[in-house]
Every structure is written in structure tokens, then in C-alpha cells.
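Participant: Okay, predicted coordinates and the sequence, questions at the end:
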Amino acid sequence: MIVRILGEGQWRISDATRVGLNALDDAIEHAVQDGDQTRLAEALQKLHDEVRDGGTTVADDELADSDLILPEVDATLDEVRQLLSESDEGLIPN
């Protein structure tokens, strides 16, 4: 699976890594529901760190479609709320 972090690049992650991201995805959803920008930024940072740590960088010259697109760490509540409204499964599909 290829994950794009907006403004940074792409990483290839395993299914096991993807499954591990679900708890962080839940934290993002709760932060948005509670309207807590600080918790949202913290959860997004942790999600990005897990993708980077658990994945391998996709080379800039490799053309690969992204299976998941994650917002930047400084994304607003409204921006993430919009992304969440486009999916029944949060940012990370189960």
C-alpha cells in the first residue's frame, strides 16, 4: 500500500503497519469530533511518524498512485473534517 503525506512524499507500508495505524486514526476522529486542534495535530504527527518509521520511501522518480492520502500535520479541523466526511472508515480504511 502506498501512503502519501501531503507536502512530504510517499511511503510504501505493509498491511501489518496499516492495521497498526487504526488506533491513531481513531484518535484523529475523536479530536475532530471534540473540536480539539491541539489533539488533532498531535495525532496527525504520530500518524505521520508511524508511516515514516514503518514504511519505505517511494523514490521521487517512481510513479505510483497513492492508496491513502494523509493531510499535513498543520491541517485544520475543518480540512480534516472534510476528508473524514468523504469516507465511512476514517483516514485509514480497516
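Facilitator: Arrived safely.
Participant: Which residue ranges of the protein form strands?
Facilitator: 2-5, 9-12, 56-57, 68-70 (DSSP state E).
Participant: if I look at residue 36, how far off is residue 25?
Facilitator: 16 Å (CB to CB, to the nearest Å). C-beta here means a position set from N, CA and C on the backbone, and glycine is covered the same way.
Participant: Need the single longest helix in this protein, by residues.
Facilitator: Criterion DSSP state H: the longest helix present in the chain is helix 37-54.
Participant: got the contact list for the residue nearest in space to the middle of the chain?
Facilitator: By CA atoms, centre = their mean, the mean C-alpha position of the chain lies nearest to residue 70, the distance being 3.6 Å. Residues near residue 70 by CB atoms under 8 Å, 6 or more residues apart in numbering: 3, 4, 5, 6, 44, 47, 48, 51, 91.
Participant: Find the least confident helix or strand in this structure, judged by mean pLDDT.
Facilitator: Across the helices and strands of the chain, mean pLDDT, DSSP states H and E gives its lowest value to helix 15-20, namely a mean of 88.
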